[in-house]
Structure formats: C-alpha cells, structure tokens
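In: sharing a model prediction with you, sequence too.
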Amino acid sequence: MSSCLKDRGIPHVVLERGRIAHSWREERWDSLRLLTPNWQNGFRDRPYTGDDPDGFMTASELADRIEDYAEFVDAPVIEDCAVTKLSHSGHQYCVETEKGEWRSLAVVLAHGASRLPWIPPIDSALRNSIRTYSPLDYRSPEDLPDGPVLMVGASATGIQLAAEIHAAGRPVTISVGEHVRMPRTYRGRDIQWWLAETGLLNETWLEIDDLQRARRVPSPQIIGNDSGTSLDLNSLTDASVELVGRCAGFNDPNIQFSGSLKNNCKLADLKMNRLLNSIDEWVTEGGRDSEFSSSHRYDATRVPETPPLLKNVSQFASIVWATGFKPDLSWLEVDGILDRKGRLKHEGGVIQPGLYVLGLTFLRRRKSSFIVGAKDDCEDLTLDLTKYLDS
C-alpha cells in the first residue's frame, strides 16, 4: 500500500508496533514454512527472482524479504510505534500511538487477520488441570511438558504441529472439526499453481454466493516442504496419531468430543474431489491433457469406527489450541464499524469514507490473504482512497 500511495504522490506514514516484519520474526514456531510456493511470494514491482521458485520460505526468510522491500520502496515506516486508539471526528481520523498522535484524512488498517489466537472458552476451566498453549506460545516440541498432547484443530497449523510433535516422540491426539482437505500437488503441479492457473484465486467478492461463509473457511490442510508431499489426516493416522471429533466441552474431569468426525471428514473429501474435478474439466476443455500426468483421486479419510467421545484430562500433559486466529480490534473506537459479533464491516476493504482494511480473508479476491493477493487489493483500494481525498 505504501508503494501505491507513493506512486500517486500521497503523503503517508506506516506505523509498526515492533520492527518491520515483527510478527514473522517473533510470533511463529521455529519450523514454520509458508504454505505458498516462493513464486507466489513476490511484492509489487518486486517479484520473486530467486533460484528456488517452487520451494517454501521460512518465516525468517520472508521477514528478510519484507525488510528488503521496505528499503526498496523507501517506505516511511516508524518502528516501535504501537497504535493504542483510532477515533474519528468530522473529516479527520485521530491515531493515538506510543510515540504521539497523528491526524489524517484517511487510514488503512493493515494490522492483519491473525494478531490473536482464538482460544475456546473452555480453556479457562481446563487451565486448573493442564498446561495449555496457543501457536503463538509454541516454538518447538521442547516447549511442551513431557507426555501426551491433545492438538485441538486440524487445519494447516494443527496438522503441521501434530506431525512435528509426534515425530519428536510425544503421543498425539488430534481433535478434528470442519476442515479443508487439499493435496500439496496434483497431476504433477503444486495445488497453488492450479488455483492460480484456473482463475480460482482471482474470483472476486462480487462473484461469490455466500461471501460470509467463504470468509470463514479454514486454512487448507497443506504444508510447505521441499519434498512436495501432502500432509493430511491419513498421514497422521499412519504415524499413529489418534483422531477424535471436535472438542465440544469440558465436564471435569472429562474433555468431551463431538460425534461429527465421520461427517466432517466425508464433507472435506467431497469438497476436495469437487476441486479436483474442476481442475480436470479445465484441463480437458483446454485440450491440455497431454501436458500433465493422469488424473487420480486420493484415498478417503480413514476414520475410527467408534472414536471416543470422552477422554479424562489426566490422559494428557498439555493441550495446543490450533483453533484459528482473529484480529485485535480493541483499539478501534470508530462508531458503527463492527457487527454484532465484533467483526469489521466492510465492502471489499472499504469500511467507511477514508477508512480501509487490507489482508483479510477474501477481502476482494480469493487470494486476498496471500502475499500474492495484496498487490491487486492495494491497487483497487488506492483508487478509492484517491477519489475520496480528491473529493
């Protein structure tokens, strides 16, 4: 966004609560790699030109690239400048920070959708009996106490941490709710290549029937790794990770699990196969079958016949809540911009005249929450912002 504003001659500052790329350096586990291949992780006027386009960056590698890009565009970043309050009066926004106050005709919220972990309410009751962690607390298996681990959540974070912790010698049980199953590769290409090539990533917010549901879809069960292998629930089962249903509650001393495990897995398999069908149709309609390996399907998710509905909390030494993230909106004091559930109300990133947001899931396009999606969203919102300032 800073690059877009600079090209249009719009004076601005970028306020950063820590150092540039703070969250990528300070709030990620040690082994994390991006879910998108390197060729998707370029910036505006600065595409990826390295020698490993199909590899997957570590968090620290991405942080270095963000710092390099800030220098490249000469972004006016003010570091260690956490915003404590945003308010609005007349035609001006007031931004209060640890380093003073700014007044502006327009503000862009680029604070991200994953500032805080979403922790289920039962955590407060469980803390009296067991150690609990969020992905922001976790760095490596050594951080956890010895003994079995309950991983709650089976999206990208949950399956990656479950595999890592189990490989370190800890028995792991993973609690599975609604999830998106997706192969890492299909017909010889990375799944992200297919999503981009077939146009799915460019689908806009105006083309989707149920936009609110699309914005709540969990992150897919994929992992960034050099081998290009997939990681799914079958992989975890083969490694002796136990599957149970969605964590439904705690009635001391028992943790309760939903009986929906089979249905959730069947639905995830069904949706994955619909995606693969759409890819096959795109290939065939374009007369390109000879360019790719043959179509195939993956084994259905294997689910225990009678997964347990109760487990005594004493069976575990720790719980990791891989239950998703949420933005921190506590500093926003602008009337009427949150819905009844406390979520930002916006139309394609436009919250109200002069107030914008970036980086949310399906903000304007299916790719909005990816690095590759930021450029197009910024271009669009800069047009709106410029018209507003001109008015």
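Out: It's in. Numbers count the residues shown, from 1 in each chain.

In: could you use CA atoms for every contact and neighbour count after this?
Out: Will do.

In: show residues contacting the helix or strand hosting Arg65.
Out: Using DSSP states H and E, Arg65 falls within helix 59-72. Under the contact criterion C-alpha atoms under 8 Å, 6 or more residues apart in numbering, helix 59-72 has outside partners Ile20, Ala21, His22, Trp24, Arg25, Arg28, Leu32, Arg33, Leu34, Phe43, Arg46, Val77.

In: can you rerun that using 10 Å?
Out: When contacts are defined by C-alpha atoms under 10 Å, 6 or more residues apart in numbering, helix 59-72 is touched by residues 2-3, 19-34, 38, 41-46, 48, 56-57, 74-77.

In: do the same with stretch 371-379
Out: The list of residues contacting stretch 371-379 from outside it, by C-alpha under 10 Å, 6+ apart, reads 1-5, 36, 39-45, 47, 108, 201-202, 348-349, 357-360, 362-369, 382, 384-385.

In: could you list which of those residues belong to helices?
Out: If you go by DSSP state H, the contacts of stretch 371-379 have Ser2, Ser3, Cys4, Leu5, Thr382, Asp384, Leu385 in helices.

In: now distance to Ala214, neighbour count and pLDDT too, for the residues you listed, in JSON lines please.
Out: Formatted as JSON lines, the ones in helices among the contacts of stretch 371-379 follow (distance: C-alpha to C-alpha, whole Å; neighbours: other C-alpha atoms under 10 Å; pLDDT from 0 to 100):
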{"residue": "Ser2", "distance to Ala214": "28", "neighbour count": "20", "pLDDT": "97"}
{"residue": "Ser3", "distance to Ala214": "29", "neighbour count": "20", "pLDDT": "97"}
{"residue": "Cys4", "distance to Ala214": "27", "neighbour count": "18", "pLDDT": "97"}
{"residue": "Leu5", "distance to Ala214": "29", "neighbour count": "18", "pLDDT": "98"}
{"residue": "Thr382", "distance to Ala214": "24", "neighbour count": "20", "pLDDT": "97"}
{"residue": "Asp384", "distance to Ala214": "24", "neighbour count": "16", "pLDDT": "97"}
{"residue": "Leu385", "distance to Ala214": "26", "neighbour count": "23", "pLDDT": "97"}
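
In: quick revisit: restricted to buried residues, select the contacts of stretch 371-379 in PyMOL.
Out: Selecting only the buried entries of the contacts of stretch 371-379 in PyMOL, with 16 or more other C-alpha atoms under 10 Å as the criterion:
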select buried, resi 1+2+3+4+5+36+39+40+41+42+43+44+108+201+202+348+349+357+358+359+360+362+363+364+365+366+367+368+369+382+384+385
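
In: what about the helices in this structure?
Out: Secondary structure of the chain (DSSP H): helices located at 2-7, 22-26, 59-72, 123-126, 156-167, 191-197, 211-215, 233-238, 261-285, 371-390.

In: out of those helices, deepest packed?
Out: For the helices of the chain, average neighbour numbers computed from mean count of other C-alpha atoms under 10 Å are highest in helix 156-167, which has a mean of 21.

In: got the contact list for Thr84?
Out: Arg17, Val95, Glu96, Thr97, Glu98, Glu101, Ser330, Trp331, Leu332.

In: counting neighbours, which of those end up buried?
Out: Neighbour counting by 16+ other C-alpha under 10 Å classes Arg17, Val95, Glu96, Thr97, Leu332 among those as buried.

In: ok, the nearest residue to the first one once chain neighbours are set aside - how many residues close by?
Out: The shortest distance from Arg17 to any non-neighbouring residue, by C-alpha to C-alpha, 6 or more residues apart in numbering, is to Ala82 (3.7 Å). If you count neighbours by other C-alpha atoms under 10 Å, Ala82 ends up with 15.

In: Ala82 and Glu98 touch, don't they?
Out: Yes. In this structure Ala82 lies within contact range of Glu98 using C-alpha atoms under 10 Å: 5.8 Å.

In: anything in contact with each of those two?
Out: Contact criterion C-alpha under 10 Å, 6+ apart; residues shared by Ala82 and Glu98: Arg17.

In: what's the local residue count around Ser155?
Out: 24.

In: with Val217 as the reference, measure out to it.
Out: Here the criterion is C-alpha to C-alpha, to the nearest Å. By it, Ser155 lies 10 Å from Val217.

In: which residues do those two both contact?
Out: Overlap of the contact sets of Ser155 and Val217 (by C-alpha under 10 Å, 6+ apart) consists of Glu178, His179, Val180.
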